[in-house]
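Asks: Structure for the following, please:
(one chain, ligands or ions: 1)
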Amino acid sequence: MSTANEVRELGIDAYLSRQQDKSLLRMMTCGSVDDGKSTLIGRLLHDSHQIYEDQLAALHKDNEKVGNAGEELDLALLVDGLQAEREQGITIDVAYRYFSTAKRKFIIADTPGHEQYTRNMVTGASTSDLAIILVDARYGVQIQTKRHSFICDSLGINQFVVAINKMDIVNFDEAVFEKIKADYLKFAEQLNVSDIKFVPMSALKGDNVVTRSEHTPYYTDKPLLELLEDSPAAEANHSFEARFPVQYVVRPNLDFRGFQGTLTSGTLSQGQAVKVLPSGKSSTIKELVTFDGHLEQAQTGQAFTIALTDEIDVSRGDVIVPADSTAAVTNLIQAKLVWMHEEPLVLGKNYNFKLGSKNTSAIVRKIDHTIDVNTLEKGQADQLQLNEIAIVTLELTESIVADIYRNNHETGSFILIDRISNLTIGAGMIEALLAEEETKPSEFSAFELEFNALVRKHFPHWQALDISKLK
Ligand SMILES: Nc1nc2c(ncn2[C@@H]2O[C@H](COP(=O)(O)OP(=O)(O)OP(=O)(O)O)[C@@H](O)[C@H]2O)c(=O)[nH]1
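Replies: Numbering: from 1, shown residues only. Next up, the predicted model:
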């Protein structure tokens with residue numbers, strides 16, 4: 001049923017509440033130029049009745065002017081929104097599309113596939129639960145297919161659907177499908193992804209997109225849309241130990257001091273023994289407060305305020321964890337870094353470093369090795385250019401609480417920011433937490449340290465830096 005009919009039939013309130021109850025799948029589409037990404041997304045929108053009549057009329061009109069699909073309606077025009085992009089015939093930015101079916105709602109990150117847009121792909125992949133990897137049936141697994149798969153895999157996406165598109169051009173030949181599947185599986189042995197499905201498809205004609213095709217009797221699994229409807233959404237990180245990065249310290253009156261933030265993993269309960277990192281000071285949760293009242297137990301993803309039973313020093317960027325946590329605190333990390341700026345990465349240069357609510361600064365001490373995104377081969381370099389990926393060792397000005405990205409995406413990923421332009425110039429995923437470096441004796445006098453501690457305790461909203469932790 002189309003959205004308009006559904007709204008008409010149910011009334012707006014019932015429609016909205018039905019939408020709210022549906023589970024959400026975030027996914028991204030990857031493909032090389034002309035593999036048919038835009039046509040596929042257009043087909044999904046069209047066949048799941050997500051297009052309004054006026055949009056459809058505009059589509060028919062545009063199709064006459066700039067359509068690229070010959071006899072067929074060029075569904076790519078529905079998604080290639082930008083004028084410049086239409087004229088050049090390529091997708092140049094990350095576009096997020098929303099659509100829903102009776103079973104589920106979806107957000108698709110439509111990212112450009114060219115190598116010079118690796119950073120855009122990384123952005124799209126960082127929030128996706130599933131990747132649709134498009135392969136043109138005529139050309140099979142290409143260097144680009146490998147690059148896209150590697151990026152999605154690096155960002156921790158654990159479900160891939162390899163959509164072997166344009167099967168109509170190869171007469172829906174089973175041998176072509178099987179050959180591409182075997183080639184891909186061989187390549188995927190180097191990746192971590194565990195769930196890979198293959199669909200022989202024609203985005204243009206609609207085969208195996210929304211309905212099962214009669215041209216592919218050898219394919220017995222579900223059409224693409226059903227696979228998407230039935231795929232498990234990435235689990236909220238309930239099982240991992242609790243991490244509560246403090247975003248803001250509030251003191252509305254002298255009797256209440258609370259720490260606001262979002263629980264990025266695990267659960268926290270009233271009365272639970274906790275400690276604050278990096279200081280390691282321990283306390284007990286007095287109450288968990290939300291706008292709607294108190295919580296007995298807080299779940300992953302919930303935003304709330306924690307009040308502790310003791311007056312201990314907590315500031316923005318600190319992390320509240322269970323008392324028996326073995327969470328690492330360190331100033332030396334090894335990470336997979338994607339360089340996102342025209343100016344190359346310079347070893348030893350000071351960059352601002354942001355991990356969740358923690359802001360500090362960092363230098364890249366060394367590039368352990370680069371990774372060729374096309375072949376996955378390792379290389380050596382002393383600079384990183386735009387869109388290059390490398391394993392690097394970073395030294396931070398202050399010690400931080402962090403996790404390995406594989407275990408916890410929120411506390412395992414960070415960005416590097418240029419100090420002058422304030423632009424995000426690198427995105428990193430932590431691979432290893434190295435032993436903390438020796439701290440130099442503090443250069444501050446006892447009075448300065450004490451005064452700093454007092455200011456931080458009584459005026460937390462000033463967000464003064466903890467100078468005792470500076471190296
Ligand atoms: N025969 C056939 N042609 C297709 C199919 N899917 C897409 N095409 C055609 O392939 C061309 C490229 O399709 P697009 O959807 O624009 O490709 P894209 O991957 O989005 O390309 P960029 O936006 O340039 O990245 C168009 O002419 C489509 O009509 C298919 O299943 N069969």
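Asks: Do you have the strands of the stretch 151-300 of the chain handy? List them.
Replies: 159-165, 195-200, 244-253, 256-262, 268-269, 273-277, 281-290, 293-295, 297-298 (DSSP state E, counting those that start in this stretch).
Asks: any idea of the mean pLDDT for the last one?
Replies: The predicted model assigns strand 297-298 a mean pLDDT of 91.
Asks: cool, and the fifth one?
Replies: Looking at strand 268-269 alone, the average pLDDT works out to 93.
Asks: Packing partners of that strand?
Replies: strand 281-290, strand 297-298 (3 or more C-beta pairs under 8 Å, 6 or more residues apart in numbering; DSSP states H and E). All C-beta spots, glycine's among them, are computed from the backbone N, C-alpha and C.
Asks: To residue 410, which of these lies closest?
Replies: strand 297-298 (15.0 Å; C-beta to C-beta).
Asks: Packed most tightly, which of the strands of the stretch 151-300 of the chain would that be?
Replies: Highest mean neighbour count of the strands of the stretch 151-300 of the chain: strand 159-165, a mean of 25 (counted as mean count of other C-beta atoms under 10 Å).
Asks: Nearest to residue 416 among the strands of the stretch 151-300 of the chain would be which one?
Replies: Per C-beta to C-beta, nearest to residue 416 of the strands of the stretch 151-300 of the chain: strand 244-253, 18.3 Å.
Asks: who does that closest one pair up with?
Replies: Next to strand 244-253 in the sheet, as set by DSSP bridges, lie strand 256-262 (antiparallel), strand 319-322 (antiparallel).
Asks: Tabulate these in JSON lines, adding columns for distance to the ligand.
Replies: Below are these laid out as JSON lines (distance: least, C-beta to the nearest ligand atom, whole Å):
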{"stretch": "strand 256-262", "distance to the ligand": "35"}
{"stretch": "strand 319-322", "distance to the ligand": "41"}
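Asks: Which of those comes out lowest on mean pLDDT?
Replies: Among those, strand 256-262 has the lowest mean pLDDT, at a mean of 90.
Asks: Run the chain-centre distance for it.
Replies: 26 Å (C-alpha atoms, centre = their mean, to the nearest Å).
Asks: To which secondary structure element is the nearest residue to residue 280 once chain neighbours are set aside assigned?
Replies: Computed as C-beta to C-beta, 6 or more residues apart in numbering, the closest residue to residue 280 that is not its neighbour in sequence is residue 329, at 7.8 Å. Assessed by DSSP states H and E, residue 329 sits inside strand 328-339.
Asks: Output that strand as CSV - backbone C-alpha positions only.
Replies: The C-alpha coordinates for strand 328-339 follow below in CSV (Å, rounded to 0.1, in the frame of the first residue of the first chain):
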residue,chain,number,x,y,z
ALA,A,328,41.9,0.5,29.9
VAL,A,329,43.2,4.0,30.6
THR,A,330,46.0,5.0,28.3
ASN,A,331,47.6,7.7,26.3
LEU,A,332,49.0,5.4,23.6
ILE,A,333,46.7,3.8,21.1
GLN,A,334,47.0,1.9,17.8
ALA,A,335,44.3,2.7,15.3
LYS,A,336,43.1,2.3,11.8
LEU,A,337,43.0,5.8,10.5
VAL,A,338,41.2,7.1,7.4
TRP,A,339,42.7,10.4,6.2
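Asks: Could you spell out the sheet neighbours of it, each with its direction?
Replies: strand 389-402 (antiparallel), strand 424-433 (antiparallel).
Asks: just so I know, which of the helices and strands packed on strand 268-269 lies nearest the ligand?
Replies: Nearest of the helices and strands packed on strand 268-269 to the ligand, taken as C-beta to the nearest ligand atom: strand 297-298 at 42.4 Å.
Asks: The residue in the stretch 351-471 of the chain positioned nearest to the ligand - nearest residue in space that isn't next to it in sequence?
Replies: Closest residue of the stretch 351-471 of the chain to the ligand, C-beta to the nearest ligand atom: residue 387 (16.7 Å). Excluding the flanking residues, the one nearest residue 387 by C-beta to C-beta, 6+ apart is residue 118, at 3.9 Å.
Asks: that older thread, can you lay out the helices and strands packed on strand 268-269 as TSV showing distance to residue 76?
Replies: Below are the helices and strands packed on strand 268-269 laid out as TSV (distance: least, C-beta to C-beta, whole Å):
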stretch	distance to residue 76
strand 281-290	45
strand 297-298	45
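Asks: what's the closest of those strands to residue 344?
Replies: strand 281-290 (41.2 Å).
Asks: quick one, phi psi at the residue most central in space within the chain?
Replies: The residue lying closest to the centre of the chain (C-alpha atoms, centre = their mean) is residue 126, at 1.8 Å. Phi and psi for residue 126, reported as degrees, to the nearest 10, are phi -70, psi -20.
Asks: so who does it touch?
Replies: Applying C-beta atoms under 8 Å, 6 or more residues apart in numbering, we find residue 126 in contact with 155, 409, 413, 427.
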